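Undergrad: No sequence on hand, only this structure:
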Ligand SMILES: Cc1cc2nc3c(=O)[nH]c(=O)nc-3n(C[C@H](O)[C@H](O)[C@H](O)COP(=O)(O)OP(=O)(O)OC[C@H]3O[C@@H](n4cnc5c(N)ncnc54)[C@H](O)[C@@H]3O)c2cc1C
């Protein structure tokens, strides 16, 4: 161990500084199964003071810092890509510091897991309505920093809508607070939303003040199946035309539904949070819109808890391909989940084109997603030792991005750019005539991180 790490142990305490190679190896991979660099050390911060110490230490010793919560990012956002990196974990910073049932806000340490947070909020009749399929493991901070979304996104939108303020340590070692405790906050530039979606490249957040919503009085939902993806997409389009404000609209394509045991059909989960007493009226409207687009209603739920259980197969969109890929390719399996979105009106054409591309390339792929906010996740897998297959798979992955761009959409709706989509980001910005954005990103990063220590190799580097 280098003498400088001895200094770090002295400053922070033995149990926060880990150099066990088995632990280090965990941080040299991402869920996609790409391998990255082995970090030098993992530090488990327990306070903002610890974070300041690590940042100052990194500046002094010319080391990088990759901040990590629970490492569930799907674009390599939290992976170590450079040598001489300190992995700075905030997983131990997981306390709820305050809940206000009048201001409908909470102050939390950012490493708290989303499900644990929401479980506590239930006592207050409140929720943080950002609900990624990974909510058992993923943190509130991770969702904010990746700008993530979830299954309630059709109504509530993604994490950027549900954060009021952040405390962070930036690359000078200074602590700053951005945003306010109020819903309205107009004090100069919006630095809060620079951090949201910054993927650990601007600083390390140590506290978050988040907006809350009341738990709905009642909920109804249906599951419908279709023979054609366009009919499924048209159901969501028509729901919007009829001013049916869905809370959930999730889907899985025919291959995906088959893989998770629902039969070879396109499956749509669709539901709305409503006032008590209107259950039957809204259920009828849901049935009408599905059946009017050649859907067959295969299940119904009159409570959120029951619908939540019906959603279980949809939550396998990532785990099911992981299982299948490992069965097929063992340790050489790589799973890539695209994260494109298009405006709702373009869903029928874009979803048809995604399906056509999958057939054309012949790479194993299932597609699902948060169709209620236009977010489609084609998920493909391949054998990384097979160069030809790998090339084809990466081309298909990029092709999904091009489909999104063609239909006025985005190459990343909620997972961020990380390392997997750096080239696609350039393509998207070029397509919008906005290449100057890359220079602006670099200049912003230099202001927050003048020594260039935070999360190298991500987004645009
Ligand atoms: C099965 C599965 C399903 C998923 N479903 C969804 C979904 O429905 N919606 C969705 O949005 N995502 C989904 N994801 C992706 C992932 O769960 C989210 O991106 C999540 O928000 C990441 O949270 P995390 O706690 O794991 O953060 P991490 O992956 O550890 O980190 C997220 C980012 O934050 C940075 N970071 C870490 N700590 C700090 C800090 N203290 N300060 C500043 N930056 C920091 C990291 O460098 C990284 O860039 C899914 C992933 C899986 C595996």
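TA: Structure received. It should be emphasised that the depicted structure is a prediction, and the values quoted were computed from it without experimental measurement. Numbers count the residues shown, from 1 in each chain.
Undergrad: Burial check on the residue in the chain positioned nearest to the ligand, number of neighbours?
TA: The nearest approach of the chain to the ligand comes at residue 142, 2.2 Å away (CB to the nearest ligand atom). Yep, even glycine has a C-beta here, placed from its N, CA and C like the rest. Using other CB atoms under 10 Å, residue 142 is surrounded by 29 other residues.
Undergrad: does it really touch residue 70, like I thought?
TA: Yes - with contacts counted by CB atoms under 8 Å, residue 142 reaches residue 70, the gap being 6.3 Å.
Undergrad: from what I can see residue 294 touches residue 228, true?
TA: Yes - the pair residue 294 / residue 228 is scored as a contact, 7.2 Å apart, by CB under 8 Å.
Undergrad: How about stretch 86-99, which residues are buried there?
TA: 86-91, 93-94, 99 (16 or more other CB atoms under 10 Å).
Undergrad: filter those residues down to the ones close to the ligand.
TA: The overlap between those and the neighbours of the ligand (CB under 6 Å from any ligand atom) comes to residue 90.
Undergrad: Filter the buried residues of stretch 86-99 down to the ones in strands?
TA: When the buried residues of stretch 86-99 are checked against strands (DSSP state E), the matches are 86-89, 99.
Undergrad: Show me this structure divided up by domain.
TA: By the assignment in automatic domain parsing, the chain contains the domains 3-92, 96-214, 218-315, 319-421.
Undergrad: Would you mind putting these into CSV with mean pLDDT and distance to residue 457 alongside?
TA: As requested, these are exported to CSV (pLDDT from 0 to 100; distance: least, CB to CB, whole Å):
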stretch, mean pLDDT, distance to residue 457
domain 3-92, 92, 4
domain 96-214, 97, 10
domain 218-315, 97, 30
domain 319-421, 96, 6
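Undergrad: Dump those domains into JSON lines; add distance to residue 459 as well.
TA: What follows is the domains of the chain, written out as JSON lines (distance: least, CB to CB, whole Å):
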{"stretch": "domain 3-92", "distance to residue 459": "9"}
{"stretch": "domain 96-214", "distance to residue 459": "6"}
{"stretch": "domain 218-315", "distance to residue 459": "28"}
{"stretch": "domain 319-421", "distance to residue 459": "5"}
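Undergrad: got the buried residues of stretch 86-99 as CSV, with distance to residue 421 columns?
TA: Shown next, in CSV, are those (distance: CB to CB, whole Å):
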residue, distance to residue 421
86, 25
87, 22
88, 23
89, 24
90, 24
91, 25
93, 28
94, 29
99, 36
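Undergrad: Neighbours of residue 120, how many?
TA: Residue 120, neighbours per other CB under 10 Å, totals 15.
Undergrad: Could you pull up the contacting residues of it?
TA: Counting by CB atoms under 8 Å, 6 or more residues apart in numbering, residue 120 touches 96, 99.
Undergrad: Please identify the helix or strand for it.
TA: Per DSSP states H and E, residue 120 falls inside helix 114-121.
Undergrad: So which bits of that helix are buried?
TA: 114, 117-118, 121.
Undergrad: same thing with stretch 388-400?
TA: 389-390, 392-394, 396-397, 399-400.
Undergrad: ok, the residue nearest to residue 414 when sequence neighbours are not counted - contacts?
TA: In space, and not counting its chain neighbours, residue 414 is closest to residue 149: 4.0 Å by CB to CB, 6 or more residues apart in numbering. By CB under 8 Å, 6+ apart, the residues touching residue 149 are 130, 132, 157-159, 370, 373, 375, 413-414.
Undergrad: just these that are near the ligand?
TA: Okay, of the contacts of residue 149 touching the ligand (CB under 6 Å from any ligand atom), that's 132, 414.
Undergrad: The buried residues of stretch 388-400 in helices, which ones?
TA: Those of the buried residues of stretch 388-400 mapping onto helices are 389-390, 392-394, 396-397, 399-400, per DSSP state H.
Undergrad: Count the residues that sit near the closest residue to residue 17 other than its chain neighbours.
TA: With CB to CB, 6+ apart as the criterion, residue 17 has its nearest non-adjacent residue at 4.7 Å, and that residue is residue 9. As a burial measure, residue 9 scores 17 neighbours (other CB under 10 Å).
Undergrad: The chain should start at 25 in everything you say after this.
TA: Got it, the first residue is 25 from now on, which makes the last one we talked about residue 33.
Undergrad: so which helix or strand takes in residue 33?
TA: Judged by DSSP H and E, residue 33 forms part of helix 27-36.
Undergrad: Which positions in that helix come out as buried?
TA: Within helix 27-36, the residues that count as buried by 16+ other CB under 10 Å are 29, 32-33, 36.
Undergrad: Need those in JSON lines (columns: distance to residue 360).
TA: Output for the buried residues of helix 27-36, formatted as JSON lines (distance: CB to CB, whole Å):
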{"residue": "29", "distance to residue 360": "35"}
{"residue": "32", "distance to residue 360": "36"}
{"residue": "33", "distance to residue 360": "38"}
{"residue": "36", "distance to residue 360": "36"}
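Undergrad: residue contacts, residue 275?
TA: 256, 290-293, 338, 392-393, 395.
Undergrad: Which ones among those map onto strands?
TA: Those of the contacts of residue 275 lying in strands (DSSP E): 290-293, 392-393.
Undergrad: From these, pick the one nearest residue 322.
TA: residue 291 (8.1 Å; CB to CB).
Undergrad: so the closest one makes contact with residue 253?
TA: No - contact criterion CB under 8 Å: residue 291 and residue 253 do not qualify, at 10.8 Å.
Undergrad: which of these two has more neighbours?
TA: A direct count of neighbours by other CB under 10 Å for residue 291 and residue 253 places residue 291 higher, at 26 against 21.
Undergrad: For that one, give the beta-bridge partners.
TA: Beta-bridge pairing of residue 291 under DSSP bridges involves residue 249, residue 276.
Undergrad: Tell me how far it lies from residue 50.
TA: When distance is defined by CB to CB, to the nearest Å, residue 291 is 34 Å away from residue 50.
Undergrad: how about the residues of the chain near the ligand?
TA: Counting by CB under 6 Å from any ligand atom, the residues of the chain near the ligand are 55, 90-98, 101-102, 114, 134, 156-158, 162-163, 165-167, 169-170, 172-174, 223-224, 228-229, 342-343, 438-439, 479.
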